[in-house]
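Student: sequence unavailable; structure follows:
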């Protein structure tokens, strides 16, 4: 729901005039189907590991409520339907949709048990939906679309590291390596890396101002929000506690809606 929401907002923000609401509905349905297919394939590939973790042990495949063949068939139909719907817009939208699905299911998913580099690898398909939303309406990869993509790309690192920090013991049972510490261990490097990536977000919104897509006031609002995000990452580095990780995680939930809300106000009110 989160990634489809960002795709929808990108479609609205990138629209040059009135929003094509029918187009938005097609994008939403296509995005939901592609995302659903990626998640279904993820659960097919990880059903044995899902049984080991409390947070996933009740999934349909893990419990045996659904067979693998049924899940693969559903994923196949959702892939076909989703990519076809994205193709109604342009080749770029359908290509990026397929790239997102393949890189998530067949690159990121198996890599989670190999290296913590799975996080930057997974950040690519995680940020592609917002790019797809902009490309669907603009027909090409513009500077505005790339700026949105960059924000969502860097946002994911502190977000997933906070989640990985809190769920470390559960993920460890399945052999997943999410954290940037040595051998994926839970240490102060999680907070330090979260701080660094959140700090990068302070500078990215100035691309909107540089390209004339947003006012300096809106850009400063986003930059300040990014700075707060970085502070929560720094606090995790200094405290290295669950409490600090929870604060970072909860702020990460609010970060993208705040950024998109600021840009929406910029588009429709000024």
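Tutor: Great, that's in hand. These numbers come from a predicted model, not from an experiment.
Student: wait, residue 258 sits on residue 226?
Tutor: No: assessed by CB atoms under 8 Å, residue 258 is found out of contact with residue 226, at 9.7 Å. Glycine gets a C-beta too; all of them are placed from N, C-alpha and C.
Student: now the helix or strand residue 145 falls within, how far from the centre of its chain.
Tutor: Using DSSP states H and E, the element containing residue 145 is helix 143-166. Distance, stretch centre to chain centre, for helix 143-166: 6 Å (CA atoms, centre = their mean, to the nearest Å).
Student: can you check stretch 196-203 too?
Tutor: Stretch 196-203 has its C-alpha centroid displaced from the chain centroid by 16 Å (CA atoms, centre = their mean).
Student: hang on, the earlier thing: list the buried residues of the very next helix or strand once past the helix holding residue 145.
Tutor: Going down the chain from helix 143-166, the next helix or strand is helix 168-173, by DSSP H and E. If you call a residue buried by 16 or more other CB atoms under 10 Å, then helix 168-173 has these buried ones: 168, 170-172.
Student: out of those, which is nearest to residue 100?
Tutor: The closest of the buried residues of helix 168-173 to residue 100 turns out to be residue 171 (CB to CB; 22.9 Å).
Student: my guess is the closest one contacts residue 165, does it?
Tutor: No: at 9.9 Å, residue 171 does not count as touching residue 165 under the criterion of CB under 8 Å.
Student: out of the buried residues of helix 168-173, who's nearest residue 109?
Tutor: Of the buried residues of helix 168-173, the one sitting nearest to residue 109 (CB to CB) turns out to be residue 171, at 13.6 Å.
Student: how close does the closest one get to residue 71?
Tutor: The span separating residue 171 from residue 71 equals 22 Å under the rule CB to CB, to the nearest Å.
Student: residues in contact with the host helix or strand of residue 74?
Tutor: Using DSSP H and E, residue 74 sits in helix 68-87. Identification of contacts with helix 68-87 by CB atoms under 8 Å, 6 or more residues apart in numbering yields 26-27, 29-37, 40-41, 43-44, 47, 60-61, 93-94, 97-98, 101, 132, 136.
Student: can you get me a residue count around residue 28?
Tutor: 17 (other CB atoms under 10 Å).
Student: separation between it and residue 132?
Tutor: In terms of CB to CB, residue 28 sits 11 Å off from residue 132.
Student: do the same with residue 240
Tutor: Applying CB to CB, the value for residue 240 to residue 132 is 37 Å.
Student: and the longest helix for the chain?
Tutor: Longest helix in the chain, counting residues (DSSP state H): helix 242-269.
Student: measure how that helix sits relative to helix 143-166, angle-wise.
Tutor: 160 degrees (axes from the mean of the first three to the mean of the last three CA atoms, to 10 degrees).
Student: now for residue 209: which residues touch it?
Tutor: 215-216, 219.
Student: filter the residues you listed down to the ones in helices?
Tutor: Counting by DSSP H, these place 216, 219 in helices.
Student: which one of the contacts of residue 209 sits in the busiest neighbourhood?
Tutor: residue 219 (21 neighbours).
Student: that older thread, filter the contacts of helix 68-87 down to the ones in helices?
Tutor: With helices taken from DSSP H, the overlap with these comprises 26-27, 29-37, 40-41, 43-44, 47, 60-61, 93-94, 97-98, 101, 132, 136.
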